[in-house]
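> Could you look at this predicted model? Sequence included:
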Amino acid sequence: MNPIQELRDKLNNIIIEALKKAKDEELLQFQHIPGFVIEVPKDSNHGDFASNVAMLMAREARMNPRQIAQIICDHMPEHTLEIDKIEVAGAGFINFFVSKKWLYDIPALVSAMGDQYGNNPRLNKQVQVEFVSANPTGNLHMGNARGGAIGDTLANVLARAGYDVEREFYINDCGNQIEVFGQSLEARYLQLMGKDIGFPENGYAGQDVVDTVKNIIRTHQDGLLSMESSVRQKTLIDYALNEKIKYIKSTMADFGIHYDVWFSEKTLHEAGKVEEVVDYLKERGYIYESEGALWFKTTAFGDEKDEVMIRANGLPTYFAADIAYHKDKFERGFDWVINVWGADHHGHVARMKGAMQAIGYDPDHLDIVLMQLVRLYRGGQIVRMSKRTGTTVSLDELIEEVGKDAARFFFVMRSPDSHLDFDLELAKQQSQDNPVYYVQYAHARIMSIFRQAKAAGAELKKPAEVDFSILGAEELQILRKIADFPEEIAISARTLAPHRIARYVLDLAGLFHSFYNHHRVLNENKALQDARLVLMDIIRITIKNSLDLLGVSAPEQM
RNA sequence: GCGCCCGUAGCUCAGUGGAUAGAGCAACGGUUUCCUAAACCGUGUGUCAGGGGUUCGACUCCCUUCGGGCGCACCA
C-alpha cells in the first residue's frame, strides 16, 4: 500500500480523461500524451499535487501552457476524489488541493499494517545485492563498514519496495593475494618458531596475521616445520581463511548483517566457470593473444584499453573470475544485480558492464553503487588509518566503541557519493546533537507516553473509533509525513539511495519532538487525547520500521 | 595525460528537470521549568565553484575551465 502513489494514479487518470475529452471536442490537438509527472510540490501553497502536463504539451498543441491547463481543468471528469480546489498557476502548472480528509484514513492503514507499513506491492522481481566482499586476509576496515551499512540498508529498502532480495558476500579465497597471504603466514610462523627469516616485501604485515599464526601454533605447535613449503603454506592458508571468514561472519552479525549466500571464488575456478567464460568470449572473437597472455578486447565496449584475462603464467586474472562470477549471478535468474563497491574500484565499472554486454546480458540490469571513502574523526582530529603502524580502527573495535546503532546510522546517513566524515565523539554522545540518539529518543519518548497513559487508565483506541478531525495543523503535517513513508521507500529503492531513509526518519523525529514540546498528548480533552494517542502509535510504528530498515534498534526507554 | 566522484549558508550536508534552494550545528535575540532529562521559539542578502549550451523551465542534463578526492597492473 502506497497512499501517495494511489492518489497520484487517480489524478493521472483524471488528467488523461480530461485530455481525451478536450481532444474529442477539438479544443486541443495532439497525437500523443507526453510523459508528464504528478509531483508533490515543495511549497504547500502550490497544493498537494501538481502536474506539468500543460507545459509539456505546449509545443505539440501549439498553445499557451496556461490555456491548456485551463482546458484540462474545465474537462475534469466525474471522479470519487475529494478535491477542494484545482488551480492553474505559474507557467502552467495544474495544482490539486486534495481534501485533508484522505489523511484521516492513514492511521487505520498504518495501524493495520503494523510492521509491514511502508511496504510497496510485490513486484515478483529477483534482485541480488552483493556488498562488503572484503578480502579474507585482514580485518574489516571503515570502507567495509560503510559498504555493509549501505548494502544491507539498500537490501532492506528493496525488500520493502517490493523486490525479492538476496544478500551475497563474495569471498576472494584464491589468486595472487592468497599466495602473498600464504607467504606472509609462513614467514610469521617460521619467525615465531625462532627462525631468522625475512618477511615478504608486499606481505601482510598487520598484527592480526601474527595473532592468527599464534592460534595455529597453539594447536599444531612445531608440526608444520617439517612440511615442504608449499604444503605448509596451504595448511596455513586453509586454517587462516577459515578463521578470517569466521571473524567476518561474526563481525557482520554483530553489525546486524546476515547474508543469504557466501560465495567462494575458488568454487568458480574449480567448476571450470572461468575457463568457460574465456572460451565463450574466444568463440565470439573478443579474445586475442599478446606477449604470452590472453586479452579481452574491452575497447570494443568503450573501455580505454584492453584487459588481460589469462596471464602469461597461465593463471586467470581477477577480472576474468569476476566476469564468470557475474555471469553466474545472471544464470541464477536475478532480474537485477547490484554491487556496492568502494570508489577506488570505479575504473572497473565500465568494463564490467561491457563484459556483461559481451556475454549477452543487458548491462542495465547490473548496477554498481560506488561509495566514497570514510574519514574517522575523534574530537576534531582525524584518525589516520595505516596498516603499517597498526593504528587502523577495525569494524569490531568501532562497534565496541560507539555501538552498532550509531555506527549503522552514521555510515548510511550520507549519500554514497559523498565523502563521509565519521565523528566518533558525536556518535557516542547522549544528546540531541547526535542524530541516532535523537531518533531513538523519539521512539523511547512515545513508549514513555504510553506507559504514562496506561498508568492513568487511558487506552489506545482503534483508529475507526476515533475522530481525527479534531487534530490541528501540526498533527496533520505529521500524518502527511507518515503517509509519505512508502513513497520514500520506493524512491530510495529506485535511486539506490539508502541515506534517504536516515533523513526521512530524522525529519519525522523532528516533527514529533516539536509537537511534543508544544502539546500534551495526555490531557483533559478525551477526544483529543484519543486522536493523539493513535497519532503517537503510528509515529512509533513508522519510526520503528524506518529504524529496522537502517538496522538500528528502537529502544523502549533510554 | 585519460577516466570516475565531489564543489550548495561560517561548518557538516540534503535537494526524483519544475514555482521564492533547505536541514542540523554554530552565531545572535527571546521565552521557559511542562507526559523524559538545559529545553523551546525566533532570526539566513547563498555569484548552488566560474563560463557557455539544451529546455517553457537547470543546483539537477550536455560542453568547457578551475579546485579537491580516487583510479588508470599479466593486484584485487
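Arrived safely, thanks for sending.

> Contacts only, for A:Ala240.
A:Phe181, A:Leu185, A:Val209, A:Thr212, A:Val213, A:Ile216 (C-beta atoms under 8 Å, 6 or more residues apart in numbering). C-beta coordinates here come from the backbone N, C-alpha and C atoms, glycine included.

> Make sure I have this right: A:Arg167 is in a strand.
Yes: under the criterion used here (DSSP: H, G, I helix; E, B strand; the rest coil), A:Arg167 sits inside a strand.

> doesn't A:Thr153 make contact with it?
No: the criterion here is C-beta atoms under 8 Å, and A:Arg167 misses it with A:Thr153 at 11.2 Å.

> and the least confident of the contacts of A:Ala240?
Among the contacts of A:Ala240, A:Val209 carries the lowest pLDDT, at 91.

> number of nearby residues for it?
Each residue near A:Val209 was counted by other C-beta atoms under 10 Å, and the total is 21.

> just checking, which of the contacts of A:Ala240 belong to helices?
A:Phe181, A:Leu185, A:Val209, A:Thr212, A:Val213, A:Ile216 (DSSP state H).

> wait, what's in contact with the second one?
This means A:Leu185. Here A:Leu185 is in contact with A:Val209, A:Thr212, A:Val213, A:Ile216, A:Gln233, A:Leu236, A:Ile237, A:Ala240 (C-beta under 8 Å, 6+ apart).

> Just the pLDDT for the residue nearest in space to the middle of chain A.
Central residue of chain A (C-alpha atoms, centre = their mean): A:Leu154, 2.0 Å from the mean position. Note on A:Leu154: pLDDT of 97.

> Helix, strand, or coil at it?
helix.

> neighbours around the residue lying closest to it once chain neighbours are set aside, how many?
What sits nearest to A:Leu154 in space, not counting adjacent residues and going by C-beta to C-beta, 6 or more residues apart in numbering, is A:Pro498, at 4.7 Å. Neighbour count of A:Pro498, defined by other C-beta under 10 Å: 28.

> what's the answer for the one 3 residues further on, then?
Using other C-beta under 10 Å, A:Ile501 has 27 other residues around it.

> pLDDT of whichever helix or strand it is part of, averaged?
When elements are defined using DSSP states H and E, A:Ile501 is found to belong to helix A:499-518. Computed over helix A:499-518, the mean pLDDT rounds to 93.

> Relative to the helix or strand of chain A with the lowest mean pLDDT, what are the paired strands and their orientations?
Across the helices and strands of chain A, mean pLDDT, DSSP states H and E gives its lowest value to strand A:381-383, namely a mean of 78. Sheet pairing here is set by DSSP bridges, and for strand A:381-383 it gives strand A:374-378 (antiparallel).

> contact partners of the strand it pairs with?
A:142-143, A:145-146, A:382-383, A:385, A:393, A:411, A:419-425.

> By neighbour count, which of those wins?
The most crowded member of those is A:Phe411, carrying 29 neighbours; neighbours defined as other C-beta under 10 Å.

> Chain neighbours aside, what residue packs nearest to that residue?
A:Ala149 (3.5 Å).

> How about the one helix or strand that neighbour maps to and RNA strand B, any contact?
Following DSSP H and E, one finds A:Ala149 within helix A:142-160. No: judged by C-beta under 7 Å from any atom of the strand, helix A:142-160 makes no contact with RNA strand B; its nearest approach is 10.8 Å.

> CSV for the contacts of A:Leu185, including distance to A:Lys305?
Output for those, formatted as CSV (distance: C-beta to C-beta, whole Å):
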residue, distance to A:Lys305
A:Val209, 34
A:Thr212, 38
A:Val213, 40
A:Ile216, 42
A:Gln233, 34
A:Leu236, 37
A:Ile237, 33
A:Ala240, 35
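
> before we move on, back to that, will you turn the ones in helices among the contacts of A:Ala240 into a markdown table that also has distance to A:Val349?
Shown next, in a markdown table, are the ones in helices among the contacts of A:Ala240 (distance: C-beta to C-beta, whole Å):
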| residue | distance to A:Val349 |
| --- | --- |
| A:Phe181 | 27 |
| A:Leu185 | 33 |
| A:Val209 | 31 |
| A:Thr212 | 33 |
| A:Val213 | 37 |
| A:Ile216 | 38 |
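
> Now for these: which two are most distant?
Pairwise distances among the ones in helices among the contacts of A:Ala240 were taken by C-beta to C-beta; the largest, 13.3 Å, belongs to A:Phe181 and A:Ile216.

> of those two, who's got more company?
Neighbour count, other C-beta under 10 Å: between A:Phe181 and A:Ile216, A:Phe181 has more, with 26 against 21.

> So the more buried one sits against A:Tyr204, correct?
Yes: between A:Phe181 and A:Tyr204 there is a contact under C-beta under 8 Å: 6.0 Å.

> tell me, what's touching those two both at once?
Contact criterion C-beta under 8 Å, 6+ apart; residues shared by A:Phe181 and A:Tyr204: A:Thr137.

> State the phi and psi torsions of A:Ser264.
Geometry field for A:Ser264 lists phi and psi as phi -90, psi 130, criterion degrees, to the nearest 10.

> if we look at the sheet, which residues does it bridge to?
A:Ile171.

> And the strands in the stretch 301-450 of chain A, which stretches?
Using DSSP state E, counting those that start in this stretch, the strands of the stretch 301-450 of chain A run over A:307-310, A:336-342, A:366-371, A:374-378, A:381-383, A:420-423.

> tally of neighbours for A:Pro463?
Count around A:Pro463 with other C-beta under 10 Å applied: 22.

> again with A:Met1
Going by other C-beta under 10 Å, the residues that sit close to A:Met1 add up to 15.

> The one 4 residues further on now?
Counted with other C-beta under 10 Å, the neighbours of A:Gln5 add up to 14.

> what's the answer for A:Ala464, then?
So A:Ala464, with other C-beta under 10 Å, has 9 neighbours.

> so which helix or strand takes in the closest residue to it other than its chain neighbours?
Among residues not flanking A:Ala464 along the chain, A:Ala108 sits closest, at 6.2 Å (C-beta to C-beta, 6+ apart). A:Ala108 belongs to helix A:106-113 when assigned by DSSP H and E.
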